[in-house]
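S.K.: Sequence and predicted structure below; questions after.
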Amino acid sequence: METAGISYRVADFLTKHPPFTTMAEEDLLAFAAHGRVRFHEPNEYLLWQGEPHRFQIFVIQQGTVSLWDDTGAAAALRDVRGAGDMIGVERFNGAPTTPYSARSESDVVVYAFPADDLETLLAKYPRARQYVTAEGRLTIDEHAAGERRDLTTAFLQQLIAHKALAKCPPLTSIRDAAQRLLVAGTDTLAVVDDGDRPLGVLTAAAFLEWVAHGALDPQAPVQTLVTTAPVVISPTATVADGILAMGAARTEVLAITGDGTTAGQLSATVSARDLGAVFGEQPAALLADIGAAASAQALRVVNHRVRAFAVRHLSSAASVDWLSRFTHLADTAIVRRLVALAQAEYLPACWCFCGSSGRSESLTLLAPQIVLIVGDAGALTKAQQALRHVITLLAECDYLPRVNLPFEPDFYAATLEQWQHRFSGWIGDPVRQQMYRARTLFDLRPIHGPTGLWQQIETLVSASVDADFLHVIANDCLATLPPLTFFADAVVDESGEQSSVFHLEETALRPLVDVARIFGLAARNALGRSTIERFAIARALLPEQQALLREAADTFRVVLWQQGRIGITQGTSGVDLPPSLLSRHDRHILKSGFRSILRLLQFTANPAWIATL
């Protein structure tokens with residue numbers, strides 16, 4: 001490898017594989033010049049578990065290498081690596097010795113490079129360092145190539161820094177208030193008290209509505225136009241926070257105050273038009289269009305716009321938090337509109353979501369899973385008919401159907417008493433009542449109608465959970481294990497079996513969701529919560545497991561990010577996907593996530609943690 005020609009060939013190989021893809025050619029040539037080629041026949045050991053770190057790190061040029069944990073009674077397969085993968089980089093993540101034995105499974109050619117040379121490059125290239133760090137620790141900060149920046153780091157104050165603030169006292173005449181709005185050249189006018197505290201925020205539409213109602217006294221005080229309290233947000237709020245606040249309150253204007261409350265001094269106002277400058281497609285306008293849709297066909301168009309908006313801004317795993325909440329707001333608005341179109345909005349029933357929709361984690365076009373809690377037994381038949389009608393309309397909105405549901409469609413519309421009886425049975429006798437079929441119903445979240453009906457279910461569940469129930473469902477969590485690794489375009493399980501399909505939902509998302517639900521139930525705070533919220537609850541419940549639970553939450557974000565990006569782009573639910581759709585870097589990050597899931601499952605299945613509650 002002493003000649004320049006060989007160095008160029010090695011450098012050219014490295015540029016095709018992370019973490020070297022981000023490095024300059026001259027640096028890779030200097031690095032390659034110090035490399036050596038090694039050949040291994042099948043069943044030779046490149047490294048031994050527990051040995052001191054070598055002075056070299058290895059990059060596989062061709063062939064297959066398996067990693068084994070030899071500490072148990074029988075050796076356990078831990079990973080399978082091929083061309084472009086590295087061996088021996090755990091030293092950069094604090095591993096005191098070689099963590100696994102590395103064995104050649106075929107004829108293998110590796111490049112051996114001085115470890116010090118790689119460490120120098122990692123110090124120079126942060127993204128390369130981040131990739132190597134993922135060998136021992138998951139990161140959610142990686143951005144998809146070509147995606148926009150994560151709007152959880154963009155602040156509203158920056159967005160409107162040059163916007164004029166139009167405001168006036170409540171007794172200002174409507175004529176003078178309108179003139180102030182025109183002179184300022186802005187689209188919002190804040191009505192404030194003597195302490196500059198916001199009483200309301202008006203748009204031009206408020207003045208038009210006043211004219212349309214025939215109240216034409218221009219000397220009337222502007223406070224007569226203020227019909228609702230302002231939606232107030234903190235000065236540290238991000239653009240994502242603003243979108244969600246607008247969506248939740250169904251408003252197109254926000255007020256920013258010094259302390260984020262109505263008692264604070266007004267500093268700025270934000271409108272949907274301000275956000276449009278960032279997005280092109282205005283998120284608040286999307287939600288408004290849903291409310292104004294006259295048919296399922298019109299909702300179908302908006303539904304696709306919502307998903308296009310979501311995939312455009314799924315810039316990193318961190319963006320999952322706010323975008324999953326945004327798509328939940330959109331799905332909720334669509335179902336509410338469909339309930340109205342089905343003329344079922346006055347039924348004495350609480351419309352709820354369960355499953356991924358109930359956890360506000362449905363990014364793709366998979367149809368929301370709907371549950372009805374009926375307050376009047378005499379209305380049960382109508383409620384079941386209404387549920388079937390709305391499900392039919394969801395299909396017309398281009399939602400993908402939920403298949404293989406554990407219960408018949410009419411099961412999901414039942415009276416309050418029936419639901420109470422069911423939940424009592426599932427908690428009191430989870431084995432014989434087959435609680436495993438009802439797991440997603442413990443994600444119940446109200447979206448429309450009298451929420452008091454849902455509250456009675458929530459109270460019952462919180463009061464009924466006991467240690468015996470937790471033991472049973474915690475033991476069940478080991479029923480599905482995550483994959484071991486990716487190799488070429490296949491997924492490898494713990495037995496070494498390969499599959500051409502990555503069952504993302506079953507083997508990666510579901511274990512995380514199920515465990516987080518167990519922790520939520522243990523804290524008597526499960527219904528109406530997302531998986532991320534449940535892991536936060538678990539950190540308070542089990543403070544000594546902070547690192548494990550934070551890593552689990554980050555793993556969940558990474559897996560849901562991949563499901564959202566690929567599912568929306570491919571027009572599928574993202575439940576199953578071919579590994580070929582995942583980049584090499586995506587697979588590398590997911591492999592770290594698989595190890596995190598396994599550690600979480602092993603902890604949860606050990607009943608010792610329940611005894612500490």
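M.R.: Here it is on my side, so go on.

S.K.: contacts and neighbour counts: CA atoms only from here.
M.R.: Fine.

S.K.: Return the list of strands paired to the strand or helix carrying A255, each annotated with direction.
M.R.: Using DSSP states H and E, A255 maps to strand 253-257. Strand pairing for strand 253-257, determined by DSSP bridges: strand 232-233 (parallel), strand 266-271 (antiparallel).

S.K.: Comparing the ones you listed by mean pLDDT, which bottoms out?
M.R.: Comparing the strands paired with strand 253-257 by mean pLDDT, the weakest confidence falls on strand 266-271, with a mean of 88.

S.K.: which other residues reach that strand?
M.R.: Residues outside strand 266-271 that contact it (Cα atoms under 8 Å, 6 or more residues apart in numbering) are 156-157, 160, 165, 187-188, 190, 192, 196-198, 201, 252-258.

S.K.: need the strands paired with strand 253-257 in a markdown table with mean neighbour count and distance to A540, can you?
M.R.: Below are the strands paired with strand 253-257 laid out as a markdown table (neighbours: other Cα atoms under 10 Å; distance: least, Cα to Cα, whole Å):
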| stretch | mean neighbour count | distance to A540 |
| --- | --- | --- |
| strand 232-233 | 24 | 26 |
| strand 266-271 | 23 | 35 |
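
S.K.: Of all those, which one is nearest T97?
M.R.: Distance to T97, taken as Cα to Cα, is lowest for strand 232-233 among those, at 50.2 Å.

S.K.: neighbouring contacts of the helix or strand following the closest one?
M.R.: Scanning forward in sequence from strand 232-233, with DSSP H and E defining helices and strands, the next element found is helix 239-249. The contact list for helix 239-249, computed with Cα under 8 Å, 6+ apart, reads 151-156, 231, 233, 252-254, 275, 283-284, 287, 322, 325-326, 329.

S.K.: Sitting in strands, which of the residues you listed do you find?
M.R.: I233, V253, L254 (DSSP state E).

S.K.: hang on, the last one packs against V231?
M.R.: Yes. Contact criterion Cα atoms under 8 Å: L254 and V231 qualify, at 5.3 Å.

S.K.: So for the two, which residue has more residues nearby?
M.R.: L254 (25 against 22; other Cα atoms under 10 Å).

S.K.: In contact with that one, which residues?
M.R.: If you count contacts by Cα under 8 Å, 6+ apart, then L254 has V201, P230, V231, V232, I233, G242, M246, T269, V270, S271 around it.

S.K.: In the chain, what helix or strand scores lowest on average pLDDT?
M.R.: helix 272-279 (a mean of 70; mean pLDDT, DSSP states H and E).

S.K.: Distance to F13 added to the contacts of L254, as JSON lines?
M.R.: Converted to JSON lines, the contacts of L254 look like this (distance: Cα to Cα, whole Å):
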{"residue": "V201", "distance to F13": "60"}
{"residue": "P230", "distance to F13": "59"}
{"residue": "V231", "distance to F13": "56"}
{"residue": "V232", "distance to F13": "55"}
{"residue": "I233", "distance to F13": "51"}
{"residue": "G242", "distance to F13": "46"}
{"residue": "M246", "distance to F13": "50"}
{"residue": "T269", "distance to F13": "54"}
{"residue": "V270", "distance to F13": "51"}
{"residue": "S271", "distance to F13": "51"}
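
S.K.: Show me the two of those that sit farthest apart.
M.R.: Farthest apart among the contacts of L254 - using Cα to Cα - are V201 and G242, which lie 15.0 Å from each other.

S.K.: Report the separation between D514 and E506.
M.R.: Going from D514 to E506 by Cα to Cα, to the nearest Å gives 11 Å.

S.K.: can you list the strands paired with strand 253-257 in CSV and add distance to L527?
M.R.: Written out in CSV, the entries for these read as follows (distance: least, Cα to Cα, whole Å):
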stretch, distance to L527
strand 232-233, 26
strand 266-271, 33
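
S.K.: so where does the residue nearest to the spatial centre of the chain fall, helix or strand?
M.R.: Of all residues in the chain, the one closest to the mean position by Cα atoms, centre = their mean is V320, 3.4 Å from it. Secondary structure from DSSP H and E places V320 in helix 320-341.

S.K.: which secondary structure elements does the helix or strand following that helix contact?
M.R.: Toward the C-terminus, helix 320-341 is succeeded by strand 349-354 as the next helix or strand (DSSP H and E). Using 3 or more Cα pairs under 8 Å, 6 or more residues apart in numbering; DSSP states H and E as the contact criterion, the elements in contact with strand 349-354 are strand 369-374, strand 445-448, helix 451-464.

S.K.: Any buried residues in stretch 564-582, and which?
M.R.: For stretch 564-582, the neighbour count (16 or more other Cα atoms under 10 Å) marks G564, R565, I566, G567, I568, T572, S573, G574, V575, D576, L577, P579 as buried.

S.K.: brain fart, stretch 400-413
M.R.: Buried residues in stretch 400-413, defined by neighbour count with 16+ other Cα under 10 Å: L400, P401, D410, Y412, A413.

S.K.: ditto for stretch 331-344
M.R.: D331, T332, A333, I334, V335, R336, R337, L338, V339, L341, A344.

S.K.: Make a markdown table from these and add distance to A296 and pLDDT to it.
M.R.: What follows is these, written out as a markdown table (distance: Cα to Cα, whole Å; pLDDT from 0 to 100):
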| residue | distance to A296 | pLDDT |
| --- | --- | --- |
| D331 | 13 | 97 |
| T332 | 14 | 97 |
| A333 | 12 | 96 |
| I334 | 9 | 97 |
| V335 | 10 | 97 |
| R336 | 12 | 96 |
| R337 | 9 | 96 |
| L338 | 7 | 97 |
| V339 | 11 | 97 |
| L341 | 8 | 95 |
| A344 | 15 | 94 |
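
S.K.: Could you single out the nearest of those residues to G88?
M.R.: Compare each of these with G88 using Cα to Cα and the shortest gap goes to D331, at 46.9 Å.

S.K.: Skipping its backbone neighbours, what lies nearest that closest one in space?
M.R.: The spatial neighbour of D331 that comes closest, neighbours along the chain excluded (Cα to Cα, 6 or more residues apart in numbering), is P368 at 7.1 Å.

S.K.: Can you name the residues that contact the one you found?
M.R.: With Cα under 8 Å, 6+ apart as the criterion, the residues that contact P368 are D331, F353, C354, S356, S357, S362.

S.K.: Tell me the confidence at it?
M.R.: 97.

S.K.: then the helix holding V320 to CSV, C-alphas only?
M.R.: Output in CSV follows, covering the C-alpha atoms of helix 320-341 (Å, rounded to 0.1, in the frame of the first residue of the first chain):
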residue,chain,number,x,y,z
VAL,A,320,-40.9,13.7,15.5
ASP,A,321,-42.1,15.2,18.7
TRP,A,322,-43.9,18.2,17.2
LEU,A,323,-44.8,16.8,13.8
SER,A,324,-46.6,13.8,15.3
ARG,A,325,-48.6,16.2,17.4
PHE,A,326,-49.4,18.2,14.3
THR,A,327,-50.6,15.2,12.3
HIS,A,328,-52.6,14.2,15.4
LEU,A,329,-54.3,17.6,15.3
ALA,A,330,-55.0,17.2,11.6
ASP,A,331,-56.4,13.7,12.1
THR,A,332,-58.6,14.9,15.0
ALA,A,333,-59.9,17.8,12.9
ILE,A,334,-60.7,15.5,10.0
VAL,A,335,-62.6,13.0,12.1
ARG,A,336,-64.5,15.8,13.8
ARG,A,337,-65.4,17.1,10.3
LEU,A,338,-66.4,13.6,9.2
VAL,A,339,-68.6,13.1,12.3
ALA,A,340,-70.4,16.4,11.3
LEU,A,341,-70.7,15.3,7.7
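
S.K.: ok now it, how far from the chain's centre?
M.R.: Computed by Cα atoms, centre = their mean, to the nearest Å, the chain-centroid distance of helix 320-341 equals 15 Å.

S.K.: what's the answer for stretch 338-357, then?
M.R.: Its chain's C-alpha centre lies 25 Å from the corresponding centre of stretch 338-357 when counted by Cα atoms, centre = their mean.

S.K.: Let's see the pLDDT reported for the residue nearest to the centre of the chain.
M.R.: 94.

S.K.: residues contacting it?
M.R.: V320 makes contact with L314, R557, L560, W561 under the criterion Cα under 8 Å, 6+ apart.
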